[in-house]
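Novice: Show me how the following folds:
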Amino acid sequence: MVLAWGILLPGGALLARYFKVLPSQNWPAVLDNKGWWHGHRALQWTGMALASVGIYVIWNQASPSPLAHVHGTAGWLLMLLGWLQIMGGLLRGSKGGPTALQLRGDHYDMTPHRIWFERLHKWLGWACVLAAMGVMVAGLLLADAPRWMPLVLGLWWLSLLGLAWQWQKQGRCIDTYQAIWGPDPRHPGNHLPPIGWGIRRPFEPQKHGQS
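Specialist: Have a look, this model is predicted:
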């Protein structure tokens, strides 16, 4: 569970947020770097698979203590939300765009389906990562884990927080739409605000009447 919720799943979330455009990528001349997408999907799927194995391992190991009850209830809710994230990703809609077989697509056109998917997927994903911290701390206490484990985990979280702050400050959180299709105002999604907090859109389409 610690490997899944403490390392793989937060790592996949940070990968999707800060690596849509690589520092070495000649953007916007080079578009649609798919490395972040493959890495994000691999880490999230592997993380949830490991967490599910963890559920199997502890299936009959419940403790009657109040903390165990809270941990178990929160853990089941977290697992449900985690798998809903996986299933939701499969229902994100079609892509479309100039490089696709069909130009029209939920993502390229930013249909209501896609807009609601992005809102739910992003906010629910980060909520799961934050909630998992408390659930893991309770689990370590219940398991009477060695003292070095919460110490190392805390240092790991602080490191991730520091990296996220640095990457955010560097402007690495770039809008997915422009990362894929660029800033050309002919693309319909460039006329809508980016979805999520702290997302940078390097180029805004010029309004009519402006040179």
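
Novice: Who are the packing partners of the helix ranked longest in the chain?
Specialist: Longest helix of the chain, by residue count under DSSP state H: helix 112-142. Here helix 112-142 touches helix 9-18, helix 66-90, helix 106-109, helix 148-169, going by 3 or more CB pairs under 8 Å, 6 or more residues apart in numbering; DSSP states H and E. For glycine as for every other residue, the C-beta is placed from the backbone atoms N, C-alpha and C.

Novice: the bottom helix or strand of this protein by mean pLDDT?
Specialist: helix 66-90 (a mean of 92; mean pLDDT, DSSP states H and E).

Novice: sorry, back to before: now render the helices and strands packed on helix 112-142 as a markdown table, adding mean neighbour count and distance to L43.
Specialist: Formatted as a markdown table, the helices and strands packed on helix 112-142 follow (neighbours: other CB atoms under 10 Å; distance: least, CB to CB, whole Å):
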| stretch | mean neighbour count | distance to L43 |
| --- | --- | --- |
| helix 9-18 | 21 | 3 |
| helix 66-90 | 15 | 12 |
| helix 106-109 | 20 | 21 |
| helix 148-169 | 13 | 13 |
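
Novice: contacting residues around G134?
Specialist: Residues in contact with G134 (CB atoms under 8 Å, 6 or more residues apart in numbering) are A74.

Novice: er, M87 I mean
Specialist: So M87 contacts nothing (CB under 8 Å, 6+ apart).

Novice: Look up how far G125 lies from it.
Specialist: For M87, the distance to G125 (CB to CB, to the nearest Å) stands at 13 Å.

Novice: Equivalent analysis for G198, please.
Specialist: Distance from G198 to G125, by CB to CB: 14 Å.

Novice: Compare the two and say which is more crowded by neighbours.
Specialist: G125 (23 against 10; other CB atoms under 10 Å).

Novice: G89 against L120, yeah?
Specialist: No. The pair G89 / L120 is not scored as a contact, 10.7 Å apart, by CB atoms under 8 Å.

Novice: for R200, phi and psi?
Specialist: phi -100, psi 130 (degrees, to the nearest 10).

Novice: swap that for I174, please
Specialist: Dihedral angles for I174 - degrees, to the nearest 10 - are phi -100, psi 140.

Novice: Tell me the predicted confidence for the closest residue to G196 other than its chain neighbours.
Specialist: Spatial nearest neighbour of G196, chain neighbours left out: K122 (4.8 Å); criterion: CB to CB, 6 or more residues apart in numbering. If you check K122, the pLDDT there is 95.

Novice: Could you do G196 as well?
Specialist: 93.

Novice: Show the contacting residues for it.
Specialist: By CB under 8 Å, 6+ apart, the neighbours of G196 are E118, K122, W123.

Novice: Now do the second one: how many residues are near it, please.
Specialist: Look at K122: counted by other CB under 10 Å, it has 18 neighbours.

Novice: For it, give its distance to W156.
Specialist: Taking CB to CB, one finds K122 at 23 Å from W156.

Novice: can you check the last one too?
Specialist: In this structure, W123 and W156 are separated by 24 Å, where distance is defined by CB to CB.
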